[in-house]
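Colleague: Let me see the structure of the following:
(chains A, B, C and D)
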Protein chains: 2
Amino acid sequence: MKDVQNSIPQHKQLYQTLKAQIQNGVYQPGDLLPSEHALCKVFSVTRPTVRQALSNLVTDGLIKKQRGKGSIVQAAKTGIGILSIKGTTASLPAGALETRVVHPPQVVKWQRDFDFEISEAEMQAGCIRMSRLRLIGQVPVLYETTNLPNINLPRFCNRSFDNKSLFNTLSKYYDIEVVGGEQKIWALPASGEICQLLKLEAGQPLLHLQKRYETSRPFFNFYSSLWCNTEQYFLQGPF
Amino acid sequence: MKDVQNSIPQHKQLYQTLKAQIQNGVYQPGDLLPSEHALCKVFSVTRPTVRQALSNLVTDGLIKKQRGKGSIVQAAKTGIGILSIKGTTASLPAGALETRVVHPPQVVKWQRDFDFEISEAEMQAGCIRMSRLRLIGQVPVLYETTNLPNINLPRFCNRSFDNKSLFNTLSKYYDIEVVGGEQKIWALPASGEICQLLKLEAGQPLLHLQKRYETSRPFFNFYSSLWCNTEQYFLQGPF
DNA sequence: GCAATCAACTTGTAATGACAAGTTTACTCA
DNA sequence: TGAGTAAACTTGTCATTACAAGTTGATTGC
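Modeller: Residues are numbered from 1 along each chain as shown, chains lettered A, B, ... in the order given. As a prediction, this is how the structure comes out:
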């Protein structure tokens, strides 16, 4: 922390260092970080600086502080508001979740099977639509249709989404991160093609979600519509 | 801020004062709070103390700070991950949402009608349980059972929860803020007493949520189980 | 009248010192 | 051996000082 002329504040440098170390597993959940005094010495900064860095880690939920004890590393959160599938009885066996592409990405016109407002720019750019089915042990559990505005996403339709996450692809190739969004949730009786895809009888309770994802790219949102058979599994997520 | 012998830290007193003023509308969204220097003079504290109070308001999302300008009061958030009821066609008319207490708060033993792990301390302290029915225009839409550990909540069972929010009560009287949590969601066919409460026919699709709320009070969680008739309304929320 | 500049604000960063309060560990004494 | 205590930790609180950096508005000069 000697390069004071560096434009990055010291507390931010320390914050980033500790954050990377936690995320890379240098400190495991339950571990204690070095004490504030120790961090002062190691990084050659004063305690207010260390405390500001730690305070930001607390805000991020990466650590919890306990008076008299220290800074306790917390278990990583899976992602804000992102729901994942969990079994009602036990956690999913590794590799049991299969993703099958029903409709590969294709440029189409926007349709209104989700009820979020679309901006004029998005409307004119057109829509990349894809739909995927997720199965747990050969049993279809979730059907998802994703709509992205066709804005500056070169070669998107050529990419494979079999097992890779859409989020990873957007992050890796297009530097787009999901930063938030909104969702609507309700239960409805199964009907039509969803019955066939999820192999459900008509009238069975079905969980339906419509999501708008906000991203780090300004004014770039994308949209998902999900149908989930929750007879044996449910959706779970932090908030 | 003169009573230093008071056990409440000065930055916390200032935080609570400002928070109350914001929530009571003394400062409107978009307004600027008094400058840090001004707050120092008014409350007879130093700038680090003021800055800590403001920092907590930033974490709460009640203000945003802008260098060179000041502390800008933000519009009240609906609550992170907190789902609210919305109509499928239009937003709810003001005052249309009624809350009816089915079971007033009562100290009981913990039961396992929600599947989150309870700590030993929580188990021994016992449980305050209450259940409320929410109606939109005399139509019951949502039934919610809330379970709180009976730890340091004086006079809780005597409080009224007819129209006031549980969150407001916890914040105002016990200084407990919800900072996050996790939830499980699934759809199921209506059955039993829920049918009667929500006036549904058996077998109708019903939305079920189980939530664990983490709070600003260390190790203090509380739990909710919700059943929602989503024939005409759905749940909505940011993430 | 208009634009550039500067002064007077604002918050951000940082060092230093001191004491309070909670936790853990080691030691002492019964 | 055991329990109690004290010391050595930890983080929490708070005052003080100084300067950096961004914003705003008034002033100045054209």
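Colleague: buried stuff in stretch A:125-138?
Modeller: Of all the residues in stretch A:125-138, those buried under the rule 16 or more other C-beta atoms under 10 Å in any protein chain shown are A:125, A:127, A:128, A:129, A:130, A:131, A:132, A:133, A:134, A:136. Every C-beta, even on glycine, is put in place using the N, C-alpha and C of the backbone.
Colleague: likewise stretch A:55-75?
Modeller: So for stretch A:55-75, counting by 16+ other C-beta under 10 Å, buried means A:55, A:56, A:57, A:61, A:62, A:63, A:65, A:70, A:71, A:73, A:74.
Colleague: Distance-wise, check the closest residue to DNA strand C within chain A relative to residue A:47.
Modeller: When C-beta to the nearest atom of the strand is the measure, chain A has its nearest residue to DNA strand C at residue A:68, with 2.5 Å between them. Using C-beta to C-beta, to the nearest Å, residue A:68 is found at 16 Å from residue A:47.
Colleague: And residue A:219, by the same measure?
Modeller: Distance, residue A:219 to residue A:47, by C-beta to C-beta: 42 Å.
Colleague: Mind pulling up the pLDDT for the residue of chain A closest to DNA strand C?
Modeller: Here, the pLDDT recorded for residue A:68 equals 92.
Colleague: Surely it is within a strand?
Modeller: No. Residue A:68: not assigned to a strand; according to DSSP: H, G, I helix; E, B strand; the rest coil it is coil.
Colleague: any idea how far residue A:53 is from it?
Modeller: Computed with C-beta to C-beta, the distance linking residue A:68 and residue A:53 is 20 Å.
Colleague: cool, residue A:97 as well?
Modeller: From residue A:97 across to residue A:53, the span is 37 Å (C-beta to C-beta).
Colleague: Neighbour count: these two, which is higher?
Modeller: More crowded of residue A:97 and residue A:53, by other C-beta atoms under 10 Å in any protein chain shown: residue A:53, with 24 against 16.
Colleague: So the more buried one sits against residue A:12, correct?
Modeller: Yes. With the criterion set as C-beta atoms under 8 Å, residue A:53 and residue A:12 qualify as a contacting pair; they are 7.4 Å apart.
Colleague: Can you tell me the element residue A:128 falls in?
Modeller: strand A:127-136 (DSSP states H and E).
Colleague: Could you see whether chain B lies near that strand?
Modeller: No. Using C-beta under 8 Å from any C-beta of the partner chain, no contact is recorded between strand A:127-136 and chain B, whose separation bottoms out at 14.3 Å.
Colleague: which strands and helices sit next to that strand?
Modeller: Contact partners of strand A:127-136 among helices and strands, from 3 or more C-beta pairs under 8 Å, 6 or more residues apart in numbering or on different chains; DSSP states H and E: strand A:84-87, strand A:97-108, strand A:139-149.
Colleague: which of those strands is buried the deepest?
Modeller: Greatest average neighbour count among these goes to strand A:139-149 (a mean of 21), per mean count of other C-beta atoms under 10 Å in any protein chain shown.
Colleague: what lines up beside that one in the sheet?
Modeller: In the sheet containing strand A:139-149, its partner strands are strand A:127-136 (antiparallel), strand A:221-228 (antiparallel), by DSSP bridges.
Colleague: Which parts of chain A are strands?
Modeller: Assignment of strands within chain A using DSSP state E yields the ranges A:63-66, A:70-73, A:84-87, A:97-108, A:127-136, A:139-149, A:178-189, A:205-215, A:221-228, A:233-238.
Colleague: what's the least confident stretch among these?
Modeller: For the strands of chain A, mean pLDDT drops lowest on strand A:84-87, to a mean of 55.
Colleague: quick one: contacts for residue A:222?
Modeller: Counting by C-beta atoms under 8 Å, 6 or more residues apart in numbering or on different chains, residue A:222 makes contact with A:146, A:147, A:148, A:149, A:212, A:213, A:215.
Colleague: what subset of those is also close to DNA strand C?
Modeller: When C-beta under 7 Å from any atom of the strand is applied, no member of the contacts of residue A:222 is adjacent to DNA strand C.
Colleague: any idea which of the residues you listed is closest to residue A:116?
Modeller: Residue A:116 has its nearest neighbour among the contacts of residue A:222 in residue A:212, at 4.7 Å by C-beta to C-beta.
Colleague: I'd assumed residue A:116 was in contact with that closest one.
Modeller: Yes. If you go by C-beta under 8 Å, residue A:212 and residue A:116 touch, sitting 4.7 Å apart.
Colleague: anything in contact with each of these two?
Modeller: The overlap between the contact sets of residue A:212 and residue A:116 (C-beta under 8 Å, 6+ apart) consists of A:182, A:221, A:223.
Colleague: and which of those residues is nearest to chain B?
Modeller: Proximity of the shared contacts of residue A:212 and residue A:116 to chain B, judged by C-beta to the nearest C-beta, is greatest for residue A:182, which lies at 4.9 Å.
Colleague: what sits opposite that closest one in the beta ladder?
Modeller: Applying DSSP bridges to residue A:182 gives these bridge partners: residue A:212, residue B:238.
Colleague: For residue A:155, see how far away it is.
Modeller: The spacing between residue A:182 and residue A:155, counted by C-beta to C-beta, is 29 Å.
Colleague: contacting residues for residue A:130?
Modeller: Shown in contact with residue A:130 (C-beta under 8 Å, 6+ apart): A:101, A:103, A:104, A:105, A:106, A:145, A:146, A:161.
Colleague: Could you find the closest non-adjacent residue to it?
Modeller: Closest residue in space to residue A:130, ignoring its immediate chain neighbours: residue A:105 at 4.2 Å, by C-beta to C-beta, 6 or more residues apart in numbering or on different chains.
Colleague: I'd say the one you found and residue A:157 touch.
Modeller: Yes. The pair residue A:105 and residue A:157 passes the contact test of C-beta under 8 Å, sitting 4.4 Å apart.
Colleague: got any residues that touch both of these two?
Modeller: Common contact partners of residue A:105 and residue A:157 (C-beta under 8 Å, 6+ apart): residue A:128.
Colleague: Got the domain ranges for chain A?
Modeller: Each domain of chain A is listed here as a residue range: A:10-73, A:84-236, per automatic domain parsing.
Colleague: Tell me which of those sits nearest to residue B:36.
Modeller: Checked against C-beta to C-beta, the stretch from these lying closest is domain A:10-73, at 15.5 Å.
Colleague: and that closest one, how far apart are its ends?
Modeller: Separation of the first and last residues of domain A:10-73 by C-alpha to C-alpha, to the nearest Å is 21 Å.
Colleague: Can you give the distance of that domain from its chain's centre?
Modeller: 25 Å (C-alpha atoms, centre = their mean, to the nearest Å).
Colleague: now swap in stretch A:143-157 and tell me
Modeller: For stretch A:143-157, the separation from the chain centroid amounts to 17 Å (computed by C-alpha atoms, centre = their mean).
Colleague: same question, stretch A:64-76
Modeller: Averaging C-alpha positions (C-alpha atoms, centre = their mean) puts stretch A:64-76 25 Å from its chain's average.
Colleague: Residue A:176: neighbour count?
Modeller: Residue A:176 is surrounded by 20 other residues when neighbours are defined as other C-beta under 10 Å.
Colleague: Have a look at residue A:182 and residue A:155 and say which one is more surrounded.
Modeller: Neighbours were counted for residue A:182 and for residue A:155 using other C-beta under 10 Å; residue A:182 has more, 17 against 8.
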